[in-house]
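Q: Predicted model and sequence follow; I will ask about them next.
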Amino acid sequence: MPEVREVLEQGLPTGVSIDRVAEAVARIAAAGLTAWPTIVLPDHVIAERIAARLRDDVEHRGDADLVGLAQHDADVFLAIALATGVPGALRVFEDELVPQIHLALRRLRLPPATIDEVKQTVRFDLLVGESGPKIADYAGRGELAAWLRVTATRKALTLLRRTNREESLDDLLLDHWPDANPDPAKQHLRAKYTAELKQAIHDAFAALEVRQRNLLRQHILDELTIDELARLYRAHRATCARWLADARAELGKNTRKRLIASLGLHHDEVESLLRFLDSDIELSISRIFEDGVKAGVKAGAT
């Protein structure tokens, strides 16, 4: 196991005081042990993370920011433990920090389903991230709880803007149906039933459970793979794959039910109509959820 000074000698930017940073490492370790005695985080890991952050400061800002090393030691300890996946840190995150995220979102008066979606997205960004856990960016210049509230608020506003700006998921399913067949009869039926089909998909999606809706959004719009979803939901990969398959199947089944009701047709007649249209719903759902990229919408590796 490397010593703290050895890590700092090899990892700190030129000109940064090894003694000062070593003192900060010892202080952070002591504060973390006092606050959360069940979280085991070796001192050299703290040193590695701090050295990496200071190198990043120099690369992007031109100098090493040492201000955070003198503030909120226990919070820095917890953030490093979360960024490195230390056992016990996730429980503290869920018990002490997720309520702070929820509080920030409630202040925005968001619907419960939106709050749940934002919380799941923030969890992923903080603990996994596309290019690493975002919580590693926490530098200790303010309280971790306050930093998380700001992060959650920004994410919520981003998602709301995306919702207003982009097509909804049901629009994606409708608009990316295969439409290469020039058959005039099929084109006529497609145009005739567009409104009913769009409404059926919209209602079917809205009727899904919150987790099912979130899984589909995250898999399609956020481009999360099965492995990333498994880490986000802290579930086995096979479990997440099953959840996603169930959500997809439920969406298809509910869409058909609503088509039967809105068009006044029997089940066999709806199936005949879909077959005549080259099974457009099946093709669109299959291609979007299984085959990868469709008009810029990436389904993620499964």
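A: Cool, got the structure.

Q: Now do H267: how many residues are near it, please.
A: When neighbours are defined as other C-beta atoms under 10 Å, H267 has 11 of them. Every residue, glycine included, has its C-beta placed from N, CA and C.

Q: Just the CA coordinates for stretch 11-31, please, in PDB.
A: In PDB, the C-alpha atoms belonging to stretch 11-31 read as follows (Å, rounded to 0.1, in the frame of the first residue of the first chain):
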ATOM      1  CA  GLY A  11       0.900  13.000  -8.300                       C
ATOM      2  CA  LEU A  12       0.900  16.700  -7.200                       C
ATOM      3  CA  PRO A  13       1.400  19.500  -9.700                       C
ATOM      4  CA  THR A  14       4.800  21.200  -9.600                       C
ATOM      5  CA  GLY A  15       4.900  24.000  -7.000                       C
ATOM      6  CA  VAL A  16       2.100  22.600  -4.700                       C
ATOM      7  CA  SER A  17       3.200  22.100  -1.100                       C
ATOM      8  CA  ILE A  18       3.400  18.400  -0.300                       C
ATOM      9  CA  ASP A  19       3.300  19.200   3.400                       C
ATOM     10  CA  ARG A  20       0.200  21.300   3.200                       C
ATOM     11  CA  VAL A  21      -1.700  18.700   1.100                       C
ATOM     12  CA  ALA A  22      -0.500  15.900   3.400                       C
ATOM     13  CA  GLU A  23      -1.900  17.800   6.400                       C
ATOM     14  CA  ALA A  24      -5.200  18.200   4.600                       C
ATOM     15  CA  VAL A  25      -5.300  14.400   3.800                       C
ATOM     16  CA  ALA A  26      -4.800  13.600   7.500                       C
ATOM     17  CA  ARG A  27      -7.500  16.100   8.500                       C
ATOM     18  CA  ILE A  28     -10.000  14.800   6.000                       C
ATOM     19  CA  ALA A  29      -9.400  11.200   7.000                       C
ATOM     20  CA  ALA A  30      -9.900  12.000  10.700                       C
ATOM     21  CA  ALA A  31     -13.000  14.000  10.100                       C
END
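
Q: Would you indicate which residues of that stretch are buried?
A: In terms of neighbour count (16 or more other C-beta atoms under 10 Å), stretch 11-31 has its buried residues at 11-12, 16, 21-22, 24-25, 27-29, 31.

Q: Show me where the protein has its strands.
A: All strands of the chain, identified by DSSP state E, fall at 293-294, 297-298.

Q: now the last one: mean pLDDT?
A: Mean pLDDT, taken over the full extent of strand 297-298, equals 35.

Q: any low-confidence regions in the stretch 101-250 of the chain?
A: For the stretch 101-250 of the chain, applying pLDDT under 70 flags the ranges 161-194, 221-223.

Q: one more time with 80
A: The model of the stretch 101-250 of the chain has pLDDT under 80 over residues 107-111, 130-131, 157-202, 217-224, 231-232, 234.

Q: Spatially central residue for this structure, please.
A: By C-alpha atoms, centre = their mean, the chain has its centre lying nearest to T121, at 3.4 Å.

Q: I'd say that one and R154 touch.
A: No. Between T121 and R154 there is no contact under C-beta atoms under 8 Å: 11.2 Å.

Q: residues contacting the residue nearest to W36 when sequence neighbours are not counted?
A: Using C-beta to C-beta, 6 or more residues apart in numbering and skipping the chain neighbours, the partner closest in space to W36 is V92 (5.8 Å). By C-beta atoms under 8 Å, 6 or more residues apart in numbering, the residues touching V92 are 36, 39, 78.
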